[in-house]
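**Q** turn this into a model:
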Amino acid sequence: MSLNAQLIHLFVLAIPVACIAWTVTHEEVFREPREYCVRCSQQRKTLLARKFFYLFTCEYCFSHYVTVLILVLSGFKLLLPDWRGFFISGFSLVWIANCYMSIYNLIRIDLKKEKIIAKKEEIELKEQEGT
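**A** Numbers count the residues shown, from 1 in each chain. Okay, here's the model as predicted:
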């Protein structure tokens, strides 16, 4: 596979990694299991148990495990055709996926900020009309 094709695969495969990792660690649909994992990551007695549950609460940590799954399903190798290609593609996918999640988070914050400003302006306008 050419380098251009590999780079396209890298950026495309990072999308489901980012989507799955973000959804599990941030979205409302997984809130209850995530809260359970947060409690377990803080209260379990053994270090191994605490770290196991923590991985479901951190998008960066969880993206490593999602990446392994995506690599197993896709067989994607970056630059080299052997196990080293899997190794390179794994860390590359994690990095690109986390860039995607950071951009998504910035967009969400900006949208929330705009919504708050609009609501504040609406309240001020109603107060001015009422006086």
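
**Q** relative to the whole chain's centre, how far out is the helix or strand where residue 70 lies?
**A** Assigned by DSSP states H and E, residue 70 belongs to helix 59-74. Centre-to-centre, helix 59-74 and its host chain are 11 Å apart (Cα atoms, centre = their mean, to the nearest Å).

**Q** in that helix, which residues are buried?
**A** Residues of helix 59-74 classed as buried: 59, 62, 63, 64, 65, 66, 67, 70, 71 (neighbour count, 16 or more other Cβ atoms under 10 Å). (C-beta placed from N, C-alpha, C; glycine too.)

**Q** contacts for it next, please.
**A** 9, 13, 16-18, 20-22, 24-26, 54-56, 76, 86, 89-90, 93-94, 97-98, 101 (Cβ atoms under 8 Å, 6 or more residues apart in numbering).

**Q** avg pLDDT for stretch 11-21?
**A** Regarding stretch 11-21, the rounded mean pLDDT is 96.

**Q** and that stretch, how far out from the chain middle?
**A** 8 Å.

**Q** what is the burial count for residue 45?
**A** For residue 45, the count of nearby residues is 7 (other Cβ atoms under 10 Å).

**Q** buried set for the host helix or strand of residue 52?
**A** Residue 52 belongs to helix 47-54 when assigned by DSSP H and E. Within helix 47-54, the residues that count as buried by 16+ other Cβ under 10 Å are 53, 54.

**Q** quick check: pLDDT value at residue 131.
**A** On pLDDT, residue 131 comes in at 64.

**Q** would you map the helices across this structure?
**A** Using DSSP state H, the helices found in the chain span residues 3-26, 31-43, 47-54, 59-74, 83-130.

**Q** avg pLDDT for the fourth one?
**A** Think helix 59-74. 95.

**Q** tabulate the CA atom coordinates of the helix holding residue 70 in PDB.
**A** C-alpha atoms of helix 59-74 as PDB (Å, rounded to 0.1, in the frame of the first residue of the first chain):
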ATOM      1  CA  GLU A  59     -10.800   9.100  26.700                       C
ATOM      2  CA  TYR A  60      -7.000   8.900  26.200                       C
ATOM      3  CA  CYS A  61      -6.600   5.600  28.100                       C
ATOM      4  CA  PHE A  62      -9.700   4.100  26.500                       C
ATOM      5  CA  SER A  63      -8.600   5.100  23.000                       C
ATOM      6  CA  HIS A  64      -5.600   2.700  23.300                       C
ATOM      7  CA  TYR A  65      -8.000  -0.300  23.900                       C
ATOM      8  CA  VAL A  66     -10.300   0.800  21.100                       C
ATOM      9  CA  THR A  67      -7.300   1.200  18.800                       C
ATOM     10  CA  VAL A  68      -6.200  -2.400  19.500                       C
ATOM     11  CA  LEU A  69      -9.700  -3.600  18.600                       C
ATOM     12  CA  ILE A  70      -9.700  -1.500  15.400                       C
ATOM     13  CA  LEU A  71      -6.300  -2.800  14.400                       C
ATOM     14  CA  VAL A  72      -7.400  -6.400  15.000                       C
ATOM     15  CA  LEU A  73     -10.500  -5.900  12.900                       C
ATOM     16  CA  SER A  74      -8.700  -3.900  10.100                       C
END
